[in-house]
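Chemist: A predicted structure for the sequence below; I have some questions about it.
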Amino acid sequence: MSLSMAWLAIELSIGWALLRPPALELQSPGFDGGKLEINSVPEGANISINGKTAQQRTNTTYVVSPGSYKVAVTGGPGNLNCGEKSVSVSSGSTVTVTCTSKGWQ
């Protein structure tokens, strides 16, 4: 493997680690997480969680550790613009946020 191919593999691994959905990294036996459901009307908008752009688009649900999160939804078919919204997820709970053309609902 050439040096440039090795660097590309490293960069892709780091990128995947930063952008993978929390559900992939947090599901394990005994995990006491909650769910963060992010929706939009219309669906298909971009999602940002804690300042990081997610690969998934609305509507989607993440399994997350209990804690506080900053969620933003932008673009998509409705050209939405819902700025950062702080949400708290508790163990075993589901928190649902919905972005519309009128803002967060």
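Modeler: Structure received.
Chemist: For stretch 47-55, measure first residue to last.
Modeler: By C-alpha to C-alpha, to the nearest Å, the extent of stretch 47-55 from end to end equals 8 Å.
Chemist: same check, this time on stretch 97-105
Modeler: Stretch 97-105: ends 7 Å apart by C-alpha to C-alpha.
Chemist: And for stretch 84-100?
Modeler: Across stretch 84-100, the terminal residues are separated by 14 Å (C-alpha to C-alpha).
Chemist: Does residue 40 touch residue 101 like I think?
Modeler: No - contact between residue 40 and residue 101 fails when scored by C-beta atoms under 8 Å: they sit 9.5 Å apart. Quick note: C-beta positions are derived from backbone N, CA and C, even for glycine.
Chemist: overlap in contacts of those two?
Modeler: Here residue 40 and residue 101 share the contacting residues 78, 80, scored by C-beta atoms under 8 Å, 6 or more residues apart in numbering.
Chemist: Sketch out the helices for this protein, chain order is fine.
Modeler: Counting by DSSP state H, the chain forms helices over residues 3-19, 22-26, given from the N-terminal end onward.
Chemist: Comparing those, which yields the minimum mean pLDDT?
Modeler: When mean pLDDT is averaged over each of the helices of the chain, helix 22-26 scores lowest at a mean of 46.
Chemist: circling back: compare residue 40 and residue 101 (neighbour count), which wins?
Modeler: Under the neighbour definition other C-beta atoms under 10 Å, residue 40 and residue 101 were set side by side, and residue 40 has more, 27 against 12.
Chemist: partners of the more buried one in the sheet?
Modeler: The residues paired with residue 40 through beta bridges, assigned by DSSP bridges, are residue 99.
Chemist: Ok, residue 87 next?
Modeler: Beta-bridge partners of residue 87, as defined by DSSP bridges: residue 69.
Chemist: give me the number of residues near it?
Modeler: Residue 87 sits with 17 neighbouring residues when counted by other C-beta under 10 Å.
Chemist: For the remainder of this discussion, apply numbering that starts at 10.
Modeler: With the count now opening at 10, the last piece we talked about shows up as residue 96.
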